[in-house]
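>>> how would this look folded up:
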Amino acid sequence: MYMIYVKNITFLPIFEKVTETSKFMIFKTIFSVFVMFRIFTSNCFSQAPDSLFNRAKFYYTNEEYTLAIPCLSTYINQNQGSYISFLLRGNCFLETGQFTKAIQDFLFALKIKKESELFYNLGVAYERAEMLDSAIYYYRSYIRIEPGRADGYKRVCMLYMYNYPEWGDSAVYYARKVVKIEPGNIANLNLLAMAYYSDNQYKTALETALIGLSIDSSYTLLNQTAGICSFLLREYPSAINYFERAYESNPSDFTLLDYKIQSMLMQNTSPDQIIFQSGKRISFKDISSENINKTEDRILDFKGKYVYNNLILKIQSSPLNMSIDEFFMLYFGYSMQPGYTPYKKSSLEKHIKNDLISEAGILEETLNKNPTDFPLYLSLADIYLEIGNKEKYFENRFKYFGFAESIKASGTGLSFASAIIINDINHGYDIMLNLDYRIKSHSLIKEKKSYFNVITGTDQNNKEVKIFFNIDLPFGTLPKKLKKQELMPKQDEGKGRM
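So this is what the prediction gives:
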């Protein structure tokens, strides 16, 4: 087959212009190359079985799985009853993402010898193939054979925790088994605490985490778990403390600072201003799309706490003391100021070709003019982090989350009646990204004399979602000529900041 291939290559016309000797030398060279190529590519097929298996083991040991597979396949053809060959090739398939083939090999090996490791490997293969019921079946089979080993219990526990929230009690059962088998492993206490958390037993989860912290107070994951449970129990000062300790142990994880920020925001906010939905999501009691007129009245009440000028002074002088409702009233109140212009181009879309300090100065100046363009705080925070000013980084990130969390608290966004209020159409896209949704399209719609931007996106499971944003505030500044237009653009792909 190789000579036929050579015969048809595009170099043949050249031969007509060379001598017979040259032709012979060219053919000799090409033939030699292809002989060597054939020897190289067939070395797995021409070796003695023992040598072939040793070569496969060499590749496998050195994690060269794609090279090990053909050698193992040839060996298996000659040794159909080789348990170890099916096991090794199954592992190679598993490591290279060929989960169906891995499962087939493990099942073949299981017919030859019912070793406990095969049941565990089948559990791993089915789990990676996202066939979770089968994964649990084989992990539990492994547990029956190896009841004194913790690894099977851990995998089942985690599958229940992250994929079957309704089976939180089962996650707790398996996590307890892990702790009983390996009582000296502090990570297992965190697993048990997280299992209690998945079963909505926040108090017990916190108590379990504290047992672990009494052994090692600097253990990052336990501090994080304790912080999350304290937050959900609304013990915000404790949550702040645990997140600070977790960050001190792992200063590269800035998510821990974000947890601390959200705890501080809740600590600053009076409980009578908010309600908890579904146990975790917060919303305002009296700030919503249906109460815009009442909200305007509260901002204009100069004897109240939400006077715009007072809130401007607070965000400039002591932003870390601001509450979620104050952030929203400042955001809403900006739309009632004479300089309100939501349609100008965002500074995020300008290419600033200066040094970082100059960029920070430009963003500070922009935010001084419009303190509610909250995505800019995130950009400014990143600049300060790169400069090395962690205090300014934290302050600007706090402001970003203050606005973002308060805007999300103005509605669920799941319908016109519960639309999220925004004072800039572009901010709808930023909120979508904050909610971890990938944006697909949007529609501008008029409903009952109000205007909405309906943004379609997908969640982390690729499920489609539609979020409704009340844009009466920015739409109210449009010229009268545009307001009278009944036809609004729909399904306009790719708009906004993404």
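>>> how about the helices in the stretch 251-400 of the chain?
Assigned by DSSP state H, counting those that start in this stretch, the helices in the stretch 251-400 of the chain fall at 255-268, 292-300, 308-317, 324-334, 356-369, 375-387, 390-408.
>>> what separates the second one from the chain centre, distance-wise?
Just to be clear, that refers to helix 292-300. When distances are taken as CA atoms, centre = their mean, to the nearest Å, helix 292-300 is centred 37 Å away from the chain's centroid.
>>> So which bits of that helix are buried?
By 16 or more other CB atoms under 10 Å, the buried positions in helix 292-300 come out as Ile292, Thr295, Arg298, Ile299. All C-beta spots, glycine's among them, are computed from the backbone N, C-alpha and C.
>>> The second one and Tyr331 touch, don't they?
So the one you mean is Thr295. No: contact status for Thr295 versus Tyr331: not in contact, 10.8 Å apart, counting by CB atoms under 8 Å.
>>> what about the closest residue in space to Ser116 that isn't next to it in sequence, how many residues close to it?
Spatial nearest neighbour of Ser116, excluding adjacent residues (CB to CB, 6 or more residues apart in numbering): Ile145 at 4.3 Å. For Ile145, the tally of surrounding residues (other CB atoms under 10 Å) stands at 15.
>>> Relative to Gln316, how far out is Ile145?
66 Å (CB to CB, to the nearest Å).
>>> domains for this protein, by residue range?
2-41, 281-483 (automatic domain parsing).
>>> chain center to the last one, what's the gap?
Yep, that's domain 281-483 we're talking about. That offset, for domain 281-483, works out to 23 Å (CA atoms, centre = their mean).
>>> got it, and stretch 203-223?
That offset, for stretch 203-223, works out to 25 Å (CA atoms, centre = their mean).
>>> so for that stretch, what's the average pLDDT?
Throughout stretch 203-223, pLDDT has a mean value of 96.
>>> buried residues in it?
Buried-residue list, stretch 203-223, by 16+ other CB under 10 Å: 204-206, 208-210, 212-213, 219-223.
>>> How about stretch 381-397?
Buried, per 16+ other CB under 10 Å, within stretch 381-397: Ala381, Ile383, Tyr384, Leu385, Asn389, Lys392, Tyr393, Phe394, Glu395, Asn396, Arg397.
>>> give me every residue that touches the fourth one.
Residues counted as contacts of Leu385 (CB atoms under 8 Å, 6 or more residues apart in numbering) are Tyr393.
>>> about what we covered before: just the helices of the stretch 251-400 of the chain: most buried one?
helix 324-334 (a mean of 25; mean count of other CB atoms under 10 Å).
>>> and that one, what does it pack onto?
Helices and strands touching helix 324-334, by 3 or more CB pairs under 8 Å, 6 or more residues apart in numbering; DSSP states H and E, are helix 255-268, strand 281-284, helix 292-300, helix 308-317, helix 390-408.
>>> Any chance of the backbone angles for the closest residue to Phe416 other than its chain neighbours?
Leaving out its chain neighbours, the residue that sits closest to Phe416 by CB to CB, 6+ apart is Glu447, at 4.9 Å. With angles defined as degrees, to the nearest 10, Glu447 sits at phi -140, psi 120.
>>> Before we move on, what's the pLDDT of Glu447?
88.
>>> Double-check that Phe469 belongs to a strand.
Yes: Phe469 forms part of a strand when assessed by DSSP: H, G, I helix; E, B strand; the rest coil.
>>> so it touches Asn423, yeah?
No: if you go by CB under 8 Å, Phe469 and Asn423 don't touch, sitting 10.6 Å apart.
>>> who touches stretch 95-105?
Applying CB under 8 Å, 6+ apart, the set of residues contacting stretch 95-105 is 63, 65-66, 69, 86-87, 89-91, 93-94, 121-122, 125-126, 128-129.
>>> among those residues, which are in helices?
65-66, 69, 86-87, 89-91, 93-94, 121-122, 125-126, 128 (DSSP state H).
>>> quick revisit: same list (the domains of the chain) but as JSON lines, adding distance to Lys260.
JSON lines is the format used below for the domains of the chain (distance: least, CB to CB, whole Å):
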{"stretch": "domain 2-41", "distance to Lys260": "58"}
{"stretch": "domain 281-483", "distance to Lys260": "9"}
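>>> can you tell me which of those domains the model trusts least?
Among the domains of the chain, domain 2-41 scores lowest, with a mean of 37.
>>> returning to what we had before: can you report how many residues neighbour the residue nearest to Phe416?
14.
>>> and after the one helix or strand Gln224 maps to, which helix or strand comes next?
Gln224 is part of helix 220-232, with elements assigned from DSSP states H and E. Counting by DSSP H and E, the element after helix 220-232 in chain order, helix or strand, is helix 236-249.
>>> Out of the buried residues of helix 292-300, which is nearest to Ser270?
Arg298 (14.3 Å; CB to CB).
>>> List the contacts of the closest one.
Per CB under 8 Å, 6+ apart, neighbours of Arg298: Gly304, Tyr306, Met329.
>>> who's in contact with the closest residue to Gly476 other than its chain neighbours?
Residue nearest to Gly476 in three dimensions, not counting chain neighbours: Ser335, with 8.0 Å by CB to CB, 6+ apart. Counting by CB under 8 Å, 6+ apart, Ser335 touches Pro342, Asn423, Leu473, Pro474, Gly476.
>>> nearest to Tyr174, of those residues?
Asn423 (48.7 Å).
>>> Now name the helix or strand holding the closest one.
Per DSSP H and E, there is no helix or strand for Asn423.
>>> got it, and the one 5 residues further on?
Gly428 is part of helix 425-434 when elements are defined by DSSP H and E.
>>> tell me what that helix is packed against?
Using 3+ CB pairs under 8 Å, 6+ apart, helix 425-434 is in contact with helix 390-408, strand 438-447, strand 450-458, strand 464-470.
>>> Quick one: name whatever helix or strand follows the last one.
Pointing back at strand 464-470 there. helix 472-475.
>>> With the first one instead?
Tracing the chain C-terminally past helix 390-408 and defining elements by DSSP H and E, one meets strand 420-421 next.
>>> Taking helix 236-249 as reference, get the angle to the helix holding Gln224.
160 degrees (axes from the mean of the first three to the mean of the last three CA atoms, to 10 degrees).
>>> how far out from the middle of the chain is helix 220-232?
Worked out by CA atoms, centre = their mean, helix 220-232 lies 19 Å from the chain centre.
>>> same deal with stretch 264-275?
Using CA atoms, centre = their mean, the offset of stretch 264-275 from its chain centre is 27 Å.
>>> Show me the contact partners of it.
231, 234, 236-237, 240, 282-285, 320-327, 398, 401-402, 405, 409.
>>> And that stretch, end to end?
Distance across stretch 264-275, first residue to last, is 17 Å (CA to CA, to the nearest Å).
>>> thought Leu222 was touching Leu192?
No: the pair Leu222 / Leu192 is not scored as a contact, 10.7 Å apart, by CB under 8 Å.
>>> Contact partners for Asp199?
Contacts of Asp199 by CB under 8 Å, 6+ apart are Gly168, Asp169, Ala171, Val172.
>>> picking that back up, JSON lines for the buried residues of stretch 381-397, including distance to Leu367?
Listed next are the buried residues of stretch 381-397 as JSON lines, based on distance: CB to CB, whole Å:
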{"residue": "Ala381", "distance to Leu367": "12"}
{"residue": "Ile383", "distance to Leu367": "12"}
{"residue": "Tyr384", "distance to Leu367": "13"}
{"residue": "Leu385", "distance to Leu367": "17"}
{"residue": "Asn389", "distance to Leu367": "16"}
{"residue": "Lys392", "distance to Leu367": "12"}
{"residue": "Tyr393", "distance to Leu367": "15"}
{"residue": "Phe394", "distance to Leu367": "16"}
{"residue": "Glu395", "distance to Leu367": "12"}
{"residue": "Asn396", "distance to Leu367": "9"}
{"residue": "Arg397", "distance to Leu367": "14"}
